[in-house]
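[1] need the 3D shape of this:
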Amino acid sequence: MGEDDEKCYYKGELGDDLDMKKVLEDFIERERKLQQVGDVPNHQVHALQDTPSSKIRELELQLSAANEKIKMFELRISVADEEKEQEKRINQELQHRLTEGDNLRKKHYIPSNHIF
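    This is a model prediction of the structure:
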């Protein structure tokens, strides 16, 4: 699994895919930088990280990432099932052709080791 499998994306107003966890991390980082220069009181920066709503948002992001992983696994399973079905059809067709060939050989009395 790559790192991309764990990301939650949001379609932005401009149609861009945004990694919501990255957006949240960038926001917190900007707030930390503001705090360092004294524009934002220290307790507000910590409040951004520790509020119940931020924890809920983080859990929502994790849930969304888990749902994306589930979708990827379901897609892989679906592809594997389709490949098995295709292999089964090919084997049946080959078996049918072998049977047809044997029947024609018997009908025309051609030995199976005959070279054309």
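
[2] and Val79, what element?
    helix 52-107 (DSSP states H and E).

[3] what helices or strands is that helix leaning on?
    helix 20-36 (3 or more C-beta pairs under 8 Å, 6 or more residues apart in numbering; DSSP states H and E). Any C-beta I mention is one placed from the backbone N, CA and C, and that applies to glycine too.

[4] between the helix it packs on and helix 52-107, how many degrees?
    Here helix 20-36 runs at an angle of 160 degrees relative to helix 52-107 (axes from the mean of the first three to the mean of the last three C-alpha atoms, to 10 degrees).

[5] so which elements touch helix 20-36?
    strand 9-11, helix 42-50, helix 52-107.

[6] okay, now Lys107: neighbour count?
    8 (other C-beta atoms under 10 Å).

[7] try Leu61
    Residues near Leu61, counting by other C-beta under 10 Å, number 19.

[8] distance of it from Ser78?
    Going from Leu61 to Ser78 by C-beta to C-beta, to the nearest Å gives 26 Å.

[9] pLDDT wise, what is Leu59 at?
    pLDDT for Leu59: 89.

[10] measure it to Arg105 for me?
    Distance from Leu59 to Arg105, counting by C-beta to C-beta: 69 Å.

[11] so which of those two has more stuff around it?
    Arg105 (13 against 10).

[12] so what's the more buried one scoring on pLDDT?
    pLDDT recorded at Arg105 is 79.
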